[in-house]
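S.K.: Sequence and computational prediction follow.
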Amino acid sequence: MSNFSCKLFDNLILKSPLILASGISGNSDGLLVRAAKSGAAAVTTKGVTLKYQKGAENPVSTDWGPGLITNLGLSNPGIESMAYMIKTFRNEMGDQTIPIFVNIHGESAEEYAEIARLIAPSHPDLLEIDLPFPDETLAREIRHAVIENASGIPISVKISADYPKIGQLAKVIEDAGADAISAINSMKGLIVDAYAAKPFLSSGSGGISGPAIKPIALYCISEIYQAVNIPVIGTGGVLTGLDMAEMMMAGATIVGVGSALYYSGYGAFSQIMNEFETFMKSEGYQSTSELVGKIWR
Amino acid sequence: MEKTILNKEKRSHVFTIDRIRHENEMTSSLIMKESLEGEPGQFLLLWLPGVGEKPFSIAGTDPLVVTVADVGKLTHEIHTLQPGDRVWIRGPFGQGYQAYGTDALLVGGGYGASPLLFLAETLIEKGTRVQVFLGARTKDLLILKDQFEELPLKIYITTNDGSCGIQGFVTVPLEESIRNLPDPQDACVYACGPKGMLIGIDALCEKYNIARQLSWEAIMRCGMGLCGNCKIEMPDTWDEPSDKPGSKKAWLVCRDGPTSFTK
C-alpha cells in the first residue's frame, strides 16, 4: 500500500485519511478495536453524554432506499464509562497506535465543560463537540467552556447542514479557537409508513445518513473549506474510494465513514482504501495533501 | 448493484395473518398469507406500529411462518392478534444455516427450535439424513414436536424434569448419536437455543471434531450492524476469519450471524 499518511495537526498524523465517524459501533471498545483492525486510521466514539442514556425503543433505524434513517436516542454509557473504554481500546490495540476521538454531546455550555473535565484525564486524541443546534453564540460559548477544561486536547466542532450560512458559522468556530471542523452531521428527517399511517421510527424523526446526503455534505465542506484555515473532518455518505477523493477535493483533510459499515460491513475500510489507491495511482497523485480543496485551487 | 433494489426490499412490508398454530401455552406460530424469500437461520424484524419491533427467526418462507413466544410487551401484543390482522415485516437479515455433509443433527433448546423445522424440511429436500434433538426444562416448553414427527427423521426429546422423553440435557442423546455417525467428517450439528446450551454443544463438537453451525441470541436493536447492541464474544474454539480482524471479541449477531460456522 502506498503512503497515504496525512497530517491533521502538527502533533497528530494519521496513517490514512479514512476514519470511523461518530455514531456507528462507538459504544463498544471491542467494536472500535474491530474498526481499527479493519483499517480505520482513527476511530470516533458514539456521542457521549454526562450520564448513561438508555436510548429509544425499536425501531431505531431503517434503510429507506437512497439512505438510512437512525434515531438511537443518544444511547451511550455516559462519560465516565467512556473514559474506561478509551483505556481498554488502547490496551487492546497495543503497539498499533490508532488515535481515538471522543464525540461529546451536551445541552448547555456548562454541561460541555463538565464532560470535558471528566474525559480530559483519559487524553482522547481529539474531542469532537456535537453542536446541539447551529447557533453562533452557543458555538462560541461551548468552545470556550470546553477549552478551559480539556487540558490542551485538540477540539473539533461538528456542525450540521441545517445552518444557512455554514461557512460563516465555521469561521465563528475557528475564531473561538477550534482546531478543526467536522461536517456534516446526519440531517433531520422523517419516514412515514403509509399502511401503518405512522412514522416508522419509535422516536418519530431521525437522522438521515448515507448516499442521500453526500451532495449536501460536499457543498457544506467546500463552503467551510473556503471560509476557514483549520482542517475539515468530512463526513456524509462516503461509501467508496472515489467518494472519499471527491470529499477531499471539496476540502476535507480526513474523511469519516459510518453508514458505509451498513452497506459493506467492516470490510468497508479496506475496500475504500483499495479503491482510493487505484484512483490515486491512475490519476498520478503522490500524496493526499494534493487532493485537499483541489476543486478550489 | 442498483440501489432501487434496496428500496424495495429493505423497508417493512405488510403481511396478513392467515392462521395461527398454537405450539404450546406460551408459543404460537403466525402463518401468513404471503411468502418471503429467505433461508433457515436468517431472521426478520416484525413491527407492530405504535408498539415496537423485534427480531424473530424465519420458521418458514412459503408461506412465511413466524414463531413467537410470549415473553415481553411486543410478543404479548402479537399473541392477541387474530387471522386477518396485519403485521409489518422487513428482512431477511443475517447469515443463515448452510447445507453441509450427509448427516445433519439439529438441536433446539426450548423455543430455539423455531428455525429448525424449516431447516429440517430444507435439508430433507436436499437428501440429507436428519436427526432432531429437542430439549426443554419441562414438557410444556417443548415446541414443534408434532410437526417434526410428521417428517422422515429421527427425533429425540429431553426434558430437565423428565416430564417428556429422556430426563436430562439434550447433549446426552446428541453425544450418543455423534458417536454412532458413519462418518463424523461428513456431518454437521445445527443448533439454536440459549447461550449456555450452545457453548456446551460447541465443546462437544470440538471433542469429536465435528462441524457445527450455532445460532446465537442477543438483544438486538437496529438489526443493521450500526448500533453494536448485539455484539458478543465468540468461544475460544471459533477461528477469527482473516478478512474479519477483531471480530472474535466483537461479533455482531445481526450481521456476522446469527449463525456461526465452525468446521
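M.R.: Thanks, I have the structure now.
S.K.: Contacts only, for the residue nearest the centre of chain B.
M.R.: The structure's chain B has its C-alpha centroid closest to residue B:115; by Cα atoms, centre = their mean the separation is 3.7 Å. Shown in contact with residue B:115 (Cβ atoms under 8 Å, 6 or more residues apart in numbering or on different chains): B:40, B:41, B:57, B:58, B:59, B:97, B:192, B:215. All C-beta atoms are positioned from the backbone trio N, CA, C, and that covers glycine.
S.K.: how about those in CSV, adding distance to chain A and pLDDT?
M.R.: Formatted as CSV, these follow (distance: Cβ to the nearest Cβ, whole Å; pLDDT from 0 to 100):
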residue, distance to chain A, pLDDT
B:40, 22, 96
B:41, 18, 96
B:57, 17, 94
B:58, 18, 95
B:59, 20, 94
B:97, 20, 97
B:192, 21, 96
B:215, 19, 97
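S.K.: so can I have a markdown table of the residues you listed showing secondary structure and neighbour count?
M.R.: Converted to a markdown table, these look like this (DSSP: H, G, I helix; E, B strand; the rest coil; neighbours: other Cβ atoms under 10 Å in any protein chain shown):
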| residue | secondary structure | neighbour count |
| --- | --- | --- |
| B:40 | coil | 27 |
| B:41 | coil | 26 |
| B:57 | strand | 29 |
| B:58 | coil | 28 |
| B:59 | coil | 26 |
| B:97 | coil | 27 |
| B:192 | strand | 29 |
| B:215 | strand | 29 |
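S.K.: For the stretch 51-200 of chain A, which residue gets nearest to chain B?
M.R.: Per Cβ to the nearest Cβ, residue A:65 is where the stretch 51-200 of chain A lies closest to chain B, at 3.2 Å.
S.K.: And that residue, what's its pLDDT?
M.R.: Among the per-residue scores, residue A:65 shows a pLDDT of 90.
S.K.: How about residue A:24?
M.R.: At residue A:24, the model reports a pLDDT of 87.
S.K.: Next, count neighbours for it.
M.R.: If you count neighbours by other Cβ atoms under 10 Å in any protein chain shown, residue A:24 ends up with 29.
S.K.: Assumed the residue of the stretch 51-200 of chain A closest to chain B was part of a strand.
M.R.: No: counting by DSSP: H, G, I helix; E, B strand; the rest coil, residue A:65 is located in no strand; its state is coil.
S.K.: distance of it from residue B:132?
M.R.: From residue A:65 over to residue B:132 the distance is 41 Å, taken as Cβ to Cβ, to the nearest Å.
S.K.: who's more crowded, these two?
M.R.: When residue A:65 and residue B:132 are compared for neighbours, residue B:132 comes out ahead with 25 against 19, by other Cβ under 10 Å.
S.K.: right, and that one touches residue B:152 too?
M.R.: No: between residue B:132 and residue B:152 there is no contact under Cβ atoms under 8 Å: 11.3 Å.
S.K.: now the residue nearest to the centre of chain B: how far from residue B:144?
M.R.: 10 Å.
S.K.: can you count the residues close to residue 10?
M.R.: Since no chain was named, I'll use chain A. 6.
S.K.: wait, I meant chain B there
M.R.: Residue neighbour count, defined by other Cβ under 10 Å, stands at 17 for residue B:10.
S.K.: Contacts only, for it.
M.R.: Contact analysis of residue B:10 by Cβ under 8 Å, 6+ apart lists A:62, A:63, A:64, A:65, B:90.
S.K.: For the stretch 1-150 of chain A, which residues are neighbours of chain B?
M.R.: Counting by Cβ under 8 Å from any Cβ of the partner chain, the stretch 1-150 of chain A comes close to chain B at A:23-28, A:30-31, A:33-38, A:55, A:57-66, A:68, A:70, A:72, A:75, A:92.
S.K.: try it again with 10 Å
M.R.: The interface of the stretch 1-150 of chain A toward chain B, taken as Cβ under 10 Å from any Cβ of the partner chain, is made up of A:23-39, A:46, A:55-68, A:70, A:72, A:75, A:92-93.
S.K.: buried ones in the helix or strand hosting residue A:87?
M.R.: Using DSSP states H and E, residue A:87 maps to helix A:79-93. Within helix A:79-93, the residues scored as buried using 16 or more other Cβ atoms under 10 Å in any protein chain shown are A:79, A:82, A:83, A:85, A:86, A:89, A:90, A:92, A:93.
S.K.: next one: phi and psi at residue B:98?
M.R.: phi -110, psi 140 (degrees, to the nearest 10).
S.K.: swap in residue B:105?
M.R.: phi -120, psi 110.
S.K.: how much space between it and residue B:129?
M.R.: Counting by Cβ to Cβ, the separation of residue B:105 from residue B:129 is 10 Å.
S.K.: More neighbours: these two, which one.
M.R.: Taking other Cβ under 10 Å, residue B:105 and residue B:129 do not tie; residue B:105 has more neighbours (26 against 17).
S.K.: I'd say the more buried one and residue B:179 touch.
M.R.: No: using Cβ atoms under 10 Å, residue B:105 is not in contact with residue B:179, being 11.5 Å away.
S.K.: can you pull out the helices in the stretch 51-200 of chain B?
M.R.: Ranges of helices within the stretch 51-200 of chain B are B:73-78, B:116-125, B:145-149, B:171-179, B:195-208, based on DSSP state H, counting those that start in this stretch.
S.K.: which helices and strands does the second one pack with?
M.R.: Spelled out, it's helix B:116-125. Under the contact definition 3 or more Cβ pairs under 10 Å, 6 or more residues apart in numbering or on different chains; DSSP states H and E, helix B:116-125 sits against strand B:52-57, strand B:60-61, strand B:64-69, strand B:103-109, strand B:129-136, helix B:145-149, strand B:187-192, strand B:211-215.
S.K.: which helices and strands sit right next to the last one?
M.R.: On a contact count with 3+ Cβ pairs under 10 Å, 6+ apart, strand B:211-215 meets strand B:103-109, helix B:116-125, strand B:187-192, helix B:195-208, strand B:259-262.
S.K.: number of nearby residues for residue B:111?
M.R.: Neighbourhood size, residue B:111 [other Cβ under 10 Å]: 23.
S.K.: Residue B:33 versus residue A:76, what's the distance?
M.R.: For residue A:76, the distance to residue B:33 (Cβ to Cβ) stands at 42 Å.
S.K.: Between the two, which is the more surrounded one?
M.R.: Remark: of residue A:76 and residue B:33, residue A:76 carries more neighbours, 24 against 14, as counted by other Cβ under 10 Å.
S.K.: Hmm, residue B:154 is touching residue B:124, no?
M.R.: No: counting by Cβ under 10 Å, residue B:154 does not reach residue B:124; the two are 11.8 Å apart.
S.K.: Quick check on residue A:22: phi, psi?
M.R.: Per degrees, to the nearest 10, the backbone of residue A:22 is at phi -70, psi 140.
S.K.: Would you mind measuring from it to residue A:72?
M.R.: For residue A:22 relative to residue A:72 (Cβ to Cβ), the value is 12 Å.
S.K.: Okay, now the unreliable bits of the stretch 1-150 of chain B?
M.R.: For the stretch 1-150 of chain B, the stretches with pLDDT under 70 are B:1-9.
S.K.: do chain A as well
M.R.: Within chain A, the segments meeting pLDDT under 70 span A:1, A:134.
S.K.: Excluding chain neighbours, what is closest to residue 154?
M.R.: Reading this off chain A. Distances taken as Cβ to Cβ, 6 or more residues apart in numbering or on different chains place residue A:179 nearest to residue A:154, at 4.1 Å, with adjacent residues excluded.
S.K.: oops, I was thinking of chain B
M.R.: Nearest one to residue B:154, counting by Cβ to Cβ, 6+ apart, is residue B:131 at 4.5 Å.
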